[in-house]
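1. Provide a 3D model corresponding to the input given below.
(4 chains)
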2 protein chains.
Amino acid sequence: MTLTNNTFIGEYAYSLDSKGRVNVPAKFRQSLSDDNENTFVITRGMDTCIWVYPMVQWLDIESNLRNLSSLSKINRTFVRNTARYASPSTYDKQGRITLTPSLIEYAGLEKEALIIGMVNKIEIWNPDRLNETDEQSMEIDAAAYDDLADKIIL
Amino acid sequence: MTLTNNTFIGEYAYSLDSKGRVNVPAKFRQSLSDDNENTFVITRGMDTCIWVYPMVQWLDIESNLRNLSSLSKINRTFVRNTARYASPSTYDKQGRITLTPSLIEYAGLEKEALIIGMVNKIEIWNPDRLNETDEQSMEIDAAAYDDLADKIIL
DNA sequence: TAAGATTGTGGGTAGTTGTGGGTAATTTCC
DNA sequence: GGAAATTACCCACAACTACCCACAATCTTA
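-> Okay, the predicted model is just below:
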């Protein structure tokens, strides 16, 4: 029952404990390749959620950032915003990672944490926020969504 | 008399047991190619039913998702909605897959489960719901059906 | 038709997984 | 340099899941 390495799908409802720890779904841990050394890189997501990358995936992003010339202002802004909030985190013996207070606040996390596999990364959401985001995008994106659906056969 | 690999046709009425397991029709199992490793990926269907993909078929979808950059909001939404409800499931020694409570609720499954071969994937229905859906689509679709007639020769 | 194999269904058990909290090591700050 | 706070590591337990076995019904084959 192993999918491709470093690939994550599915949705899990876990709790954030008093120490700011969340469980990484067992299936996600199993999918991690060894060269990640049980480490993720955690950062702000583009929606109000947390993004969690397997380390090797992050290294890939880093090398892409490296190639963006700082001559361009957009590049500078993009590199800055991508890099500044990122920090590596190794999961403990029980399979949990610790989130920084800053990220917990950014994502508005309280007791519940919804963990979503986004194929090449993982998202951590406050369930209520995700619901709102879902409803908003429902109407707005209909047309563009159909375009996408044409390209990918489900 | 074997059909093409990973191809499913026909209708089967099975039961959902107390642990959320349904049998995969023996013919469907036989049709699965070896590289699927006896594994399906189960997710929400576009009607209120469950979709079951042979793993290799899903991997194809996955690699398409992987190529959608998360810089675009629409892409994020699309990847999220496609990936979040999906989960791999290997059938057990008796040929059953386990459905998640979330999917069982989505499809409104109770004791009976109707399993339908959809050529490249499998659908699992609550029989009552399928009846309703059938009746609704009967009249509506006459025109659209004519369009289809251009594309497919029966 | 009888024997054997296959298929669908039910349930028990051992191992895994998620969650809470305790203690020692490390860091921070006065 | 030492106290306070933070972090990392460890243990414990309840809930759940995957795996195994059993059996009845159906189909296959000699």
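2. which parts of chain A sit against chain B?
-> By C-beta under 8 Å from any C-beta of the partner chain, the residues of chain A that approach chain B are A:1-4, A:7-11, A:27, A:46-47, A:116-121, A:123, A:137, A:141, A:144-145, A:148-149, A:151-154. Glycine gets a C-beta too; all of them are placed from N, C-alpha and C.
3. Among those, which are located in strands?
-> Cross-referencing those against strands under DSSP state E gives A:8-11, A:116-119, A:123.
4. Weed out the non-buried ones from the residues you listed.
-> Among those, the ones that count as buried by 16 or more other C-beta atoms under 10 Å in any protein chain shown are A:8-11, A:116-119, A:123.
5. just curious, which of those residues is nearest to B:E110?
-> A:E11 (22.7 Å; C-beta to C-beta).
6. Can you check the distance spanned by stretch A:89-101, start to finish?
-> Across stretch A:89-101, the terminal residues are separated by 14 Å (C-alpha to C-alpha, to the nearest Å).
7. So what touches the longest helix seen in chain A?
-> Longest helix in chain A by number of residues (criterion: DSSP state H): helix A:127-140. When contacts are defined by C-beta atoms under 8 Å, 6 or more residues apart in numbering or on different chains, helix A:127-140 is touched by residues A:13, A:47-49, A:107-108, A:112-114, A:116, B:73, B:77.
8. Can you tell me who the residue nearest the centre of chain A pairs with across the strands?
-> Nearest to the geometric centre of chain A sits A:W51, at 2.2 Å (C-alpha atoms, centre = their mean). Judged by DSSP bridges, the bridge partners of A:W51 are A:T43, A:E123.
9. quick one: it from A:I124, how far?
-> Taking C-beta to C-beta, to the nearest Å as the measure, A:W51 and A:I124 are separated by 8 Å.
10. Then A:M118?
-> Applying C-beta to C-beta to A:M118 and A:I124 gives a distance of 11 Å.
11. Span of stretch A:23-43 from start to end?
-> Criterion C-alpha to C-alpha; first-to-last residue distance in stretch A:23-43 is 16 Å.
12. hang on, I meant stretch A:49-63
-> 24 Å.
13. Name the surrounding residues that touch it.
-> For stretch A:49-63, contacts defined as C-beta under 8 Å, 6+ apart pick out A:6, A:24, A:32-33, A:35-37, A:39-45, A:82, A:86, A:88, A:97, A:99, A:103, A:106-107, A:109, A:120-126, A:129-130.
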